[in-house]
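Participant: Model the structure of this input:
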Amino acid sequence: MGDNKNQMLQHNQVFDVSVNMPPQGGSKCYDDDGRLKRTGTVWTASAHIITAVIGSGVLSLAWAIAQLGWVAGPAVMFLFSLVTYYTSTLLSACYRSNDPDTGKRNYTYMDAVQSNLGGAKVKICGYVQYLNLFGVAIGYTIASSISMMAIKRSNCFHKSGGKDPCLVNSNPYMIAFGIAEIIFSQIPDFDQLWWLSIVAAVMSFTYSTIGLALGIAKVAETGTIMGSMTGISIGTVTETQKMWRSFQALGDIAFAYSYSLILIEIQDTVRSPPSEAKTMKKATIISVAVTTLFYMLCGCMGYAAFGDLSPGNLLTGFGFYNPYWLLDIANAAIVVHLVGAYQVYCQPLFAFVEKAAARKYPESEFISREIKIPVPGLGHCNLNLFRLVWRTAFVIVTTVISMLLPFFNDVVGLLGALGFWPLTVYFPVEMYIVQKRIPKWSTRWLCLQILSVACLIITIAAAAGSIAGVISDLKTYKPFKTSY
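Facilitator: The predicted structure is shown next:
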């Protein structure tokens, strides 16, 4: 899923199209659109992408490879990296309309869709984007509660010497996470909290590296590389289960690579010349290569350590019990990461609803009035009643849905499937065709459409696998009574 797609998303209010500012030709301080000179380079753009992509999705990769095996698992991961790289270069070509050096800039993904496609497709893209963001909020609530429970269980196992099954109910942890998010959600926006990105990046590398190190240690300890060429064996699961789980694994891998929503925002930080598209092409090669290497290591070492029994979440599935303090650090890092990531992910959705309400009811004091509340030592904070009610209601709804459907792997797979084809493939391909005026039925047009259709089939299969997983989980599940 990648989680830290944060600092770039604040401007991503859908159906808001960028306003051209008067050009400041020849100025040393301003770019051609009148904004302050951008200073981003290949390396800053690569860093943004890497920290955005490597998130909690990495923890489900060992499970995904276990479903597919030593041949198909790494092959699928490599294939997704190629598709992500190629469609990212198509999308980066749409940052400027018409001319790649002097054309009008599109500041957000939605601006690019508006400029190149327009009409109903802008609204469709908006719905897909916001459904994805809503789903991510649910996924993060589930993931954080599982990590909090893992800390509790890890300490319980340590105290009892493994004799106590240490069953823990997930609801109190989801409610605690929800309360924290209600408080944080009252901050109007996060665009000044630059430290959030740094904290999230450090946390994501912390828990990913711990997961990798534990996998290597496990293989070194046993001296055996687990797993098989074809993945989880029939007998451990039925043939039907294997098929659905293989489809779901595709969704998990897609979620781990998804960052298209923020690519244009990252590109908007890059200086020119050379053209922003050329810089982003280099940054995409670097970041996708680094990410793929990291994913291959984490996923393959996890599978090598546990084989068919690879847990759905490498740090909370209790493949590892010791050192318990290291697991606690890793899971605490996940929780800290997700508390911030939830908020920044939801900012575009919050802002869109609040702007739409302000446009529809411009005279309403309930919507527009800001109440200044003095805070000792910090000056004052602004409280808006509509923001208080709407954001609190949003957090409550996502928390309740999470308590109803606490299935981390299935939710991650479904999110990956829902976001992958439309946002990573379909819109970039369609915009590129319009931007480059590629003739219909030409060889290039046909190749692009074949790519899009192939990815659509993968998306449908991944979504079906995840939905089948949810249905399977529901057969043995009682609402609000989930224990681990």
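Participant: Every contact and neighbour count from this point should use C-alpha atoms.
Facilitator: OK.
Participant: In terms of secondary structure, what does the longest helix seen in the chain contact?
Facilitator: Identified as the longest helix of the chain according to DSSP state H is helix 120-160. Using 3 or more CA pairs under 8 Å, 6 or more residues apart in numbering; DSSP states H and E, the elements in contact with helix 120-160 are helix 109-116, helix 171-185, helix 324-360, helix 385-404, helix 408-419.
Participant: Please compute how far the third one lies from its chain's middle.
Facilitator: When C-alpha coordinates are averaged (CA atoms, centre = their mean, to the nearest Å), helix 324-360 and its chain have centres 11 Å apart.
Participant: Tell me which of the helices and strands packed on helix 120-160 sits most buried.
Facilitator: helix 408-419 (a mean of 28; mean count of other CA atoms under 10 Å).
Participant: That one - what's its average pLDDT?
Facilitator: Confidence for helix 408-419, expressed as mean pLDDT, is 69.
Participant: what's the answer for stretch 387-396, then?
Facilitator: The average pLDDT for stretch 387-396 rounds to 90.
Participant: Give me the contact list for that stretch.
Facilitator: With contact meaning CA atoms under 8 Å, 6 or more residues apart in numbering, stretch 387-396 is reached by 178, 181-182, 185-186, 350, 354, 367.
Participant: go on, stretch 274-290?
Facilitator: 41-43, 45-47, 49-50, 81, 84-85, 88-89, 92-93, 95, 100-101, 267, 270.
Participant: just the buried members of the residues you listed?
Facilitator: 41-43, 45-47, 49-50, 81, 84-85, 88-89, 92-93, 95, 100, 267, 270 (16 or more other CA atoms under 10 Å).
Participant: Show me those residues that map onto helices.
Facilitator: Per DSSP H, those map to helices at 42-43, 45-47, 49-50, 81, 84-85, 88-89, 92, 267.
Participant: Please identify which of those residues is nearest to residue 63.
Facilitator: residue 81 (18.2 Å; CA to CA).
Participant: so where is the stretch 51-200 of the chain shaky, pLDDT-wise?
Facilitator: In the predicted model of the stretch 51-200 of the chain, residues 51-52, 55-57, 162-165, 188-197 satisfy pLDDT under 70.
Participant: what's the distance between residue 177 and residue 314?
Facilitator: 21 Å (CA to CA, to the nearest Å).
Participant: what's the answer for residue 446, then?
Facilitator: Taking CA to CA, one finds residue 446 at 41 Å from residue 314.
Participant: neighbour count winner among the two?
Facilitator: Neighbour count, other CA atoms under 10 Å: between residue 446 and residue 314, residue 314 has more, with 27 against 13.
Participant: next one: phi and psi at that one?
Facilitator: phi -60, psi -30 (degrees, to the nearest 10).
Participant: and it, what does it touch?
Facilitator: Residue 314 neighbours (CA under 8 Å, 6+ apart): 59-60, 62-63, 211, 302.
Participant: among those residues, which are in strands?
Facilitator: Using DSSP state E, no member of the contacts of residue 314 sits in strands.
Participant: Just flag the most distant two among these.
Facilitator: 63 and 211 (13.0 Å).
Participant: More neighbours: the two, which one.
Facilitator: residue 63 (30 against 25).
Participant: correct me, but that one touches residue 306?
Facilitator: No. Here residue 63 does not reach residue 306: they are 9.3 Å apart, not a contact under CA atoms under 8 Å.
Participant: Show me what the host helix or strand of residue 251 is packed against.
Facilitator: Per DSSP states H and E: residue 251 is located in helix 239-257. Applying 3+ CA pairs under 8 Å, 6+ apart, we find helix 239-257 packed against helix 61-92, helix 408-419, helix 443-475.
Participant: Most tightly packed of those helices?
Facilitator: helix 408-419 (a mean of 28).
Participant: what's the following helix or strand after it?
Facilitator: helix 427-435.
Participant: Tabulate the CA atom coordinates of that next one in PDB.
Facilitator: Output of helix 427-435 as PDB, limited to C-alpha atoms (Å, rounded to 0.1, in the frame of the first residue of the first chain):
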ATOM      1  CA  PHE A 427      -5.900   6.700 -16.400                       C
ATOM      2  CA  PRO A 428      -2.100   7.100 -17.100                       C
ATOM      3  CA  VAL A 429      -2.600   5.100 -20.400                       C
ATOM      4  CA  GLU A 430      -5.600   7.100 -21.500                       C
ATOM      5  CA  MET A 431      -4.000  10.400 -20.600                       C
ATOM      6  CA  TYR A 432      -0.800   9.400 -22.400                       C
ATOM      7  CA  ILE A 433      -2.700   8.500 -25.600                       C
ATOM      8  CA  VAL A 434      -4.500  11.900 -25.600                       C
ATOM      9  CA  GLN A 435      -1.300  13.800 -24.700                       C
END
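Participant: how far away is residue 358 from residue 110?
Facilitator: From residue 358 to residue 110 the distance is 20 Å (CA to CA).
Participant: got a pLDDT number for the residue lying closest to residue 361 once chain neighbours are set aside?
Facilitator: Closest residue to residue 361 apart from its sequence neighbours, by CA to CA, 6 or more residues apart in numbering: residue 367 at 7.6 Å. As predicted, residue 367 sits at a pLDDT of 74.
Participant: How about the one 10 residues further on?
Facilitator: Reading off the confidence values, residue 377 has pLDDT 68.
Participant: Check residue 446 too.
Facilitator: Reading off the model, residue 446 has pLDDT 93.
Participant: ok, it - contacts?
Facilitator: Contact analysis of residue 446 by CA under 8 Å, 6+ apart lists residue 440.
Participant: shaky segments in the stretch 201-350 of the chain?
Facilitator: The low-confidence ranges in the stretch 201-350 of the chain, as defined by pLDDT under 70, are 316-322, 344.
Participant: List the buried residues for stretch 224-240?
Facilitator: Within stretch 224-240, judged by 16+ other CA under 10 Å, the buried ones are 225-228, 231-233.
Participant: rewinding a little: need the ones in helices among the buried ones among the contacts of stretch 274-290 in a markdown table (columns: distance to residue 243).
Facilitator: Rendered in a markdown table, the data for those read as follows (distance: CA to CA, whole Å):
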| residue | distance to residue 243 |
| --- | --- |
| 42 | 41 |
| 43 | 41 |
| 45 | 38 |
| 46 | 36 |
| 47 | 36 |
| 49 | 32 |
| 50 | 31 |
| 81 | 23 |
| 84 | 24 |
| 85 | 27 |
| 88 | 30 |
| 89 | 32 |
| 92 | 35 |
| 267 | 39 |
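Participant: Pick out whichever of these sits closest to residue 450.
Facilitator: Checking these one by one against residue 450 (CA to CA), the nearest turns out to be residue 84, at 15.4 Å.
Participant: Distance of the closest one relative to residue 385?
Facilitator: 42 Å.
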